[in-house]
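Asker: just to be clear, the model below is a prediction. Sequence and coordinates:
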Amino acid sequence: NAGVMQNPRHLVRRRGQEARLRCSPMKGHSHVYWYRQLPEEGLKFMVYLQKENIIDESGMPKERFSAEFPKEGPSILRIQQVVRGDSAAYFCASSWTDRYDTEAFFGQGTRLTVV
Amino acid sequence: TQLLEQSPQFLSIQEGENLTVYCNSSSVFSSLQWYRQEPGEGPVLLVTVVTGGEVKKLKRLTFQFGDARKDSSLHITAAQPGDTGLYLCAGEYGGSQGNLIFGKGTKLSVKP
């Protein structure tokens, strides 16, 4: 029973390139959440998606960032024209309901480095 | 803006000592979760507390949710080197649908 799978684990991009981060939720989970963790900072919520729907994107920067969770395949967090400040660890979590007392399982994260 | 303040930020103790980590907010949370994160890994859920005044025990770890659901504590008895890690509290407030507010964490080091 595989957990939340994120890939790649490490990603290096030059300034101006695009970064694509993938998240495959646990089997049976249809709710996906993306968080960003900056060095010495707590995790910050970015976006909450269900299959084919963005439910809450209040934590997403208005420009360059987008997320999707298609009917088939993993959830994708896309960052266009990356800048040095985008360097961070990006974590995905999944759960099977959106109830507040339902456990969300986190992946191992993707560490993005912008050079 | 909902904020969770964790204290202390760093804690270095000897094996066998007891410790308490605090998580405080001015906001009321529907639930509060404690996670442990190892370097290079994602957070792993330890416990979820939902009811004000609730106390949950997980082996040597005791978690308490404040009566007003604004604060929580994690107490570790007889700490072991294997307890070393980053402890994060995260709160969920009404209507957020999965939007967890995380504290910055307490970095615990237990020396043998």
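Answerer: Sure, I can see it.
Asker: the helix or strand of chain B with the lowest mean pLDDT: how far from the chain's middle?
Answerer: For chain B, the helix or strand with the lowest mean confidence is strand B:101-102, at a mean of 90 (criterion: mean pLDDT, DSSP states H and E). Distance of strand B:101-102 from the chain centroid (CA atoms, centre = their mean, to the nearest Å) equals 11 Å.
Asker: list the helices and strands that strand packs on?
Answerer: strand A:43-50, strand B:85-92 (3 or more CB pairs under 8 Å, 6 or more residues apart in numbering or on different chains; DSSP states H and E). Every C-beta, even on glycine, is put in place using the N, C-alpha and C of the backbone.
Asker: from those strands, which stretch is densest packed?
Answerer: Among these, ranked by average contacts under mean count of other CB atoms under 10 Å in any protein chain shown, first place goes to strand B:85-92 (a mean of 24).
Asker: now do it against strand A:43-50, angle only.
Answerer: 50 degrees (axes from the mean of the first three to the mean of the last three CA atoms, to 10 degrees).
Asker: CA-only coordinates of strand B:85-92, as PDB, when you get a sec.
Answerer: The C-alpha atoms that make up strand B:85-92 are tabulated as PDB, following Å, rounded to 0.1, in the frame of the first residue of the first chain:
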ATOM      1  CA  GLY B  85      13.400  15.600  15.100                       C
ATOM      2  CA  LEU B  86      11.200  18.600  14.200                       C
ATOM      3  CA  TYR B  87       7.900  18.600  16.000                       C
ATOM      4  CA  LEU B  88       5.200  20.600  14.200                       C
ATOM      5  CA  CYS B  89       1.700  21.600  15.400                       C
ATOM      6  CA  ALA B  90      -0.900  22.400  12.800                       C
ATOM      7  CA  GLY B  91      -4.400  23.800  13.300                       C
ATOM      8  CA  GLU B  92      -7.500  23.600  11.200                       C
END
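Asker: each with direction, which strands does it pair with?
Answerer: strand B:31-37 (antiparallel), strand B:101-102 (antiparallel), strand B:106-111 (antiparallel) (DSSP bridges).
Asker: those: which one's closest to residue A:61?
Answerer: Minimum separation from residue A:61 across the strands paired with strand B:85-92 (CB to CB) falls at strand B:101-102, 17.9 Å.
Asker: JSON lines please, covering the helices and strands packed on strand B:101-102 and showing distance to residue A:12.
Answerer: Compiled in JSON lines, the helices and strands packed on strand B:101-102 are given as follows (distance: least, CB to CB, whole Å):
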{"stretch": "strand A:43-50", "distance to residue A:12": "21"}
{"stretch": "strand B:85-92", "distance to residue A:12": "24"}
